[in-house]
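Student: Build me a structure from this.
(one chain, ligands or ions: 2)
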Amino acid sequence: MPDCYFTRSPDHPILLQLPFCIHPLILGTLMTDKENQFAIGVDLGGTNMRIAAVDASGKQLELITTSTEVKRGRDYVVADICDAIRALRKKFNGQYAFAGTGIGVPGIIDMETGTVLQSPNLPDWTNYPVRDEIQRRIGSQVILDNDANVAALGEQWMGAARDADSMCMFTLGTGVGSGIVLYGKIWHGMTGMAGECGHITVYPDGVPCGCGSRGCVEQYASATAVKRMAIEAIATGKAPELARAISENPEFSSKVVFQYAMEGDAAAKRIFAVVGCALAVVLADMINALNLPMYVIGGGLASGWEAFAPTMFEELRRRSYVYVATAPDDRLPTRKRTLITRALLGSDAGLIGAARLALM
Ligand code: BMX
Ligand code: ZN
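Tutor: Ligands and ions are numbered 1, 2, ... in the order given. Now for the predicted structure:
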């Protein structure tokens, strides 16, 4: 029941503090107010940013998309974000009550201080207290979170996991992000850095990762990794079709590798088998550790599902006995099952989830 505001008391501490004798009419007014709210969700990427007004039912009222002018510096980017927030706030304030702004940022964040500690795509944002800066400029509440955390919350609220109160999401994009939602709330851990499952080790001596470790799933199951593995395969001379594709197409990307895999090219198929295998290792770890009802896979590379999912499920059955014991089974339709599925909201998951942060 994602949009039922009075059944999840831990999300509504203010309501918990209300006197028990509160008059039903007043309660009715409060409910109406809550239902009539809107919030602004910001999905800040290293290339583009998307900013949307979202109402309390999860409907997107308006979307602003603009490029992230990283080279012009953080002040410029923050000014752009603030302009968009002000424009949307002005447009919908009055018709709806403004609940605040949620922002999803790639990288590690200190929730307590609202500071971006590390974000390779936004280099001059290191140790930048962006929450307070934006709050000061726009004069209203801002909540900062990791991009994959808010995407997970979006999918749990309005997407593939809307019938599950707890879930884990992986976003397969430039990197591999992830977020864990427990009982409708993002699991932040101690400082807000929980859910960095893209940096779970798959191969201990594997490819060096931007996080400082090696062999993280991000190095085998991101769009960046697929392109890298294709270039490596071409260099060994074992991928003649991909070699031809890269020489003919300057836009060579993971999408091209996917097309070749679907057409049966052996080298491209091997690359997507690596993707499936890496995801299976991490999913097995998560399933064995958490026994959640749902795992959602999104991000641009999730459109390659047909190419990696068969290996992923096959390998998962070899690696997780918890999965084997709880896998979907038509003969036992009433049994609680572990579901692993594609995301539903596409690139809107982050926006919707970021807005949800402010609406909670
Ligand atoms: C990286 C890490 C995560 C992020 C994930 C997905 C950075 C900048 N990012 O693992 O915090 O959630 O990538 O990011 O350290 P995306 O850029 O692929 O969306
Ligand atoms: Zn890593």
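Student: From residue 176, how far out is the residue of the stretch 201-350 of the chain found nearest ligand 1?
Tutor: Using C-beta to the nearest ligand atom, residue 218 is the residue of the stretch 201-350 of the chain that sits closest to ligand 1, at 5.2 Å. For the C-beta atoms, the positions are set from N, CA and C on the backbone; glycine is no exception. Distance, residue 218 to residue 176, by C-beta to C-beta, to the nearest Å: 4 Å.
Student: between the two, what contacts are shared?
Tutor: The contact sets of residue 218 and residue 176 overlap at residue 198 (C-beta atoms under 8 Å, 6 or more residues apart in numbering).
Student: Report the residue spans of this protein with pLDDT below the cut-off.
Tutor: 1-33 (pLDDT under 70).
Student: quick one, domains of it?
Tutor: For the chain, automatic domain parsing gives the domain ranges 38-159+349-359, 167-344.
Student: For the ones you listed, give me TSV that also has mean neighbour count.
Tutor: Compiled in TSV, these are given as follows (neighbours: other C-beta atoms under 10 Å):
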stretch	mean neighbour count
domain 38-159+349-359	21
domain 167-344	19
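Student: so which strand or helix has residue 99?
Tutor: Per DSSP states H and E: residue 99 is located in strand 97-105.
Student: Can you tell me which helices and strands that strand packs against?
Tutor: For strand 97-105, the packing partners by 3 or more C-beta pairs under 8 Å, 6 or more residues apart in numbering; DSSP states H and E come out as strand 37-44, helix 74-92, helix 130-138, strand 142-146, helix 147-158, helix 349-359.
Student: do that again at 10 Å, thanks
Tutor: Contact analysis of strand 97-105 by 3 or more C-beta pairs under 10 Å, 6 or more residues apart in numbering; DSSP states H and E lists helix 24-35, strand 37-44, strand 48-55, helix 74-92, helix 130-138, strand 142-146, helix 147-158, helix 349-359 as its packing neighbours.
Student: Report the inter-axis angle for the fourth one versus strand 37-44.
Tutor: In other words, helix 74-92. With axes from the mean of the first three to the mean of the last three C-alpha atoms, to 10 degrees applied, the angle from helix 74-92 to strand 37-44 works out at 150 degrees.
Student: wait, what's in contact with the closest residue to residue 105 other than its chain neighbours?
Tutor: Nearest residue to residue 105 in three dimensions, chain neighbours excluded: residue 44, at 5.1 Å (C-beta to C-beta, 6 or more residues apart in numbering). The neighbours of residue 44, taking C-beta atoms under 10 Å, 6 or more residues apart in numbering as the test, are 50-51, 68, 77-78, 81, 103-107, 116, 119, 121-122, 125, 130, 144, 147, 350, 354.
Student: all strands of the protein, in order?
Tutor: For the chain, the strands defined by DSSP state E cover 37-44, 48-55, 60-67, 97-105, 108-110, 115-118, 142-146, 167-172, 176-182, 185-186, 294-298, 339-342.
Student: For residue 228, give me its contacts.
Tutor: Contacts of residue 228 (C-beta under 10 Å, 6+ apart): 207, 219-220, 222, 254, 271.
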